[in-house]
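Enquirer: Sharing a sequence plus its predicted fold:
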Amino acid sequence: MLLLITTTSYPATDLGYLLHKHPDRCQSFSLSFGQAHVFYPEASEQRCTAALLLDIDPVKLVRGRSANLEQYVNDRPYVASSFLSVAIAQVFSTALAGRCKDKPELTQTPISLVAKISVLPCRGGEGFLRQLFEPLGYTVTAQNHILDEKFPDWGDSKYYTVELQHTLPLADLLSHLYVLIPVLDDDKHYWVDDDEVEKLLRHGEGWLRAHPAREAITRRYLKRQHRLTRAALAQLAEEDELDPDSAEETNAEEEAAVEKPMSLKQQRLNAVDAALKENGAKRVIDLGCGQGTLLRMLLKDSFFEQITGVDVSYRALEVAQERLDRLHLPSNQSNRLQLIQGALTYQDKRFTGYDAATVIEVIEHLDLPRLAAFERVLFEFAQPKTVVVTTPNIEYNVKFENLPAGKLRHRDHRFEWTRQEFQNWAKQVAERFGYTVQFQPVGLEDAEVGSPTQMGVFRHEI
Ligand code: SAH
């Protein structure tokens with residue numbers, strides 16, 4: 001059983017630091033079910049591949065238990081399964097935990113990665129394989145192996161050679177493999193108990209909650225044990241409640257209170273509206289629409305022909321819908337609007353076909369390591385002609401009298417950026433995806449610390 005992880009991000013040999021395994025050496029590890037070997041078939045600064053070879057000993061597997069022939073003769077030594085997850089957790093434990101002693105900054109950095117799994121059993125077929133990895137942003141290549149070349153009539157087997165390609169931090173790739181390989185195999189070599197719920201939630205942190213197949217993943221990961229599955233799903237649902245944004249109701253009030261004296265919110269909406277009109281954007285998708293303030297404003301204006309709001313929070317969408325209903329618009333007007341529940345860090349066909357996307361006070365709610373996924377979802381896959389992004393300018397926080405020093409404006413903000421940080425981010429995103437970007441202050445500008453909100457307007461070059 002062979003797993004290959006290749007990077008082409010320069011210098012590619014940094015993969016050795018990330019995995020804590022030196023590219024010049026071949027290392028072996030004894031595991032309870034056999035040997036794991038780590039070596040590098042290639043290691044140059046342009047391209048580096050680490051191999052994890054599992055040599056599973058079927059005799060060791062059944063030692064001490066009464067066994068039948070099937071326990072000795074089966075596919076386990078040859079395919080990727082929960083044994084591979086255990087090997088990843090033991091042999092690459094530091095990398096899986098997202099730590100790197102020598103180059104800690106690397107752990108958060110998205111790098112170009114390809115994982116190749118020589119034989120992956122996919123119960124549910126290629127369709128299910130894609131359902132698991134594509135929402136996470138992977139490009140999936142799968143080659144099926146027929147059951148027996150001598151007997152083509154027997155048809156396809158459940159075995160695939162799979163390549164998964166993505167630009168993301170290595171720890172994210174390892175977490176995805178750790179959870180999803182046993183899910184595809186739909187079998188586990190050990191008994192699952194409450195610890196397994198904890199492992200699923202730990203390794204699923206940051207991606208499982210919003211994954212469209214989270215129920216299937218949870219059910220299979222926990223070997224269809226109803227009690228454990230219910231417990232895990234309940235915890236994930238609880239996070240839904242907490243995060244983004246039941247917080248929205250209480251915390252947004254706090255944020256509004258901080259920003260209120262100048263009705264910054266209205267100034268922000270006006271600036272966004274003007275940017276959309278300047279760019280002739282009639283079909284607009286508002287990503288992270290929250291309770292729909294911008295949607296209401298656009299809907300009242302006949303300039304806009306199609307308006308879509310997306311949010312991960314069902315609660316926020318319900319409130320948005322109620323408030324829109326209260327406008328009592330005739331159906332030919334309200335028909336221009338739709339609300340969809342979705343996560344901005346997962347590629348989604350429903351985000352395509354718009355003149356413009358607005359991302360208003362949203363990026364600072366995303367975990368920094370997930371920002372790269374969002375960038376691709378928006379600028380590479382959805383690719384609207386215009387993108388309007390606003391985010392707080394942290395330099396301005398000293399001017400808010402009711403905001404204690406060093407505190408962010410909203411409890412759910414994962415970061416707030418200086419003007420320089422926002423502009424650096426925006427410029428590199430624009431350059432990577434073929435956009436230009438211009439910046440505009442929103443709200444009263446202070447000579448020293450700038451304006452309270454910063455806005456970037458991206459235009460696709462062609
Ligand atoms: N744009 C709105 C709301 C900003 S609050 C306004 O200006 O008023 C941020 C919103 O982003 C919240 O409604 C939250 O639910 C949503 N959000 C945060 N992370 C998200 C994600 N990963 N996918 C989709 N929506 C997200």
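Expert: Thanks, I have it. These numbers were taken from a predicted model, which means no experiment stands behind them.

Enquirer: Ile5 contacts Ala115, correct?
Expert: Yes - with contact defined as CB atoms under 8 Å, Ile5 counts as touching Ala115 (5.3 Å). No exception for glycine: its C-beta is placed from N, CA and C like everyone else's.

Enquirer: Of these two, which one has the most company?
Expert: Ile5 (24 against 19; other CB atoms under 10 Å).

Enquirer: distance of the more buried one from the ligand?
Expert: Computed as CB to the nearest ligand atom, to the nearest Å, the Ile5 to the ligand distance reads 26 Å.

Enquirer: For the strand ranked longest in the chain, buried residues please.
Expert: Determined from DSSP state E, the single longest strand within the chain is strand 156-168. Neighbour-count burial for strand 156-168, counted by 16 or more other CB atoms under 10 Å, picks out 158-160, 162-168.

Enquirer: for stretch 397-408, same thing?
Expert: Residues 397, 400, 403, 408 are the ones in stretch 397-408 that count as buried (16+ other CB under 10 Å).

Enquirer: so where is the stretch 1-150 of the chain shaky, pLDDT-wise?
Expert: The model of the stretch 1-150 of the chain has pLDDT under 70 over residues 58-77, 146-147.

Enquirer: Quick one, grab the pLDDT at the residue positioned nearest the centre of the chain.
Expert: In the chain, the residue lying closest to the centroid (CA atoms, centre = their mean) is Thr345, at 4.6 Å. At Thr345, the model reports a pLDDT of 92.

Enquirer: Skip the chain neighbours and tell me the closest residue to it.
Expert: Once flanking residues are discounted, Thr345 sits nearest to Ala373: 4.2 Å by CB to CB, 6 or more residues apart in numbering.

Enquirer: same question, Leu19
Expert: Residue nearest to Leu19 in three dimensions, not counting chain neighbours: Ala95, with 5.1 Å by CB to CB, 6+ apart.

Enquirer: pretty sure the one you found is in contact with Leu15, am I right?
Expert: No - Ala95 sits out of contact with Leu15 when judged by CB under 8 Å, with a separation of 9.4 Å.

Enquirer: any residues in contact with both of these two?
Expert: Leu170 (CB atoms under 8 Å, 6 or more residues apart in numbering).

Enquirer: helix/strand/coil for His410?
Expert: Using DSSP: H, G, I helix; E, B strand; the rest coil, the structure places His410 in coil.

Enquirer: ok, which pair from the buried residues of stretch 397-408 is furthest apart?
Expert: By the measure CB to CB, Phe400 and Leu408 form the most distant pair in the buried residues of stretch 397-408, at 10.9 Å.

Enquirer: Spit out the residues that contact the two alike.
Expert: Contacts common to Phe400 and Leu408, judged by CB under 8 Å, 6+ apart, are absent.

Enquirer: State the helix or strand in which the residue nearest to the centre of the chain lies.
Expert: Here Thr345 sits in a region with no helix or strand, counting by DSSP states H and E.

Enquirer: which residues do Ile5 and Ala115 both contact?
Expert: Contacts common to Ile5 and Ala115, judged by CB under 8 Å, 6+ apart, are Leu173.

Enquirer: Could you export stretch 317-332 as CSV, CA atoms only?
Expert: This file holds the C-alpha atoms of stretch 317-332, laid out as CSV (Å, rounded to 0.1, in the frame of the first residue of the first chain):
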residue,chain,number,x,y,z
LEU,A,317,-31.0,33.3,6.2
GLU,A,318,-34.3,32.9,8.1
VAL,A,319,-34.0,36.3,9.5
ALA,A,320,-33.0,37.7,6.1
GLN,A,321,-36.1,36.0,4.6
GLU,A,322,-38.4,37.4,7.2
ARG,A,323,-37.1,40.9,6.8
LEU,A,324,-37.4,40.7,3.0
ASP,A,325,-41.0,39.4,3.3
ARG,A,326,-41.8,42.5,5.4
LEU,A,327,-41.0,44.7,2.3
HIS,A,328,-44.2,43.2,0.7
LEU,A,329,-42.8,43.6,-2.7
PRO,A,330,-44.9,42.4,-5.7
SER,A,331,-43.8,39.0,-6.9
ASN,A,332,-42.2,40.2,-10.1
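
Enquirer: How about the contacts made by Cys289?
Expert: By CB under 8 Å, 6+ apart, the neighbours of Cys289 are 295, 309-311, 316-317, 320, 339.

Enquirer: swap that for Glu395, sorry
Expert: So Glu395 contacts 418-419, 449-450 (CB under 8 Å, 6+ apart).

Enquirer: which among these end up buried?
Expert: 419, 449-450.

Enquirer: closest point of the stretch 1-150 of the chain to the ligand, which residue?
Expert: Pro135 (12.1 Å; CB to the nearest ligand atom).

Enquirer: What count of nearby residues applies to that residue?
Expert: Residues near Pro135, counting by other CB under 10 Å, number 19.

Enquirer: Noted, bye for now.
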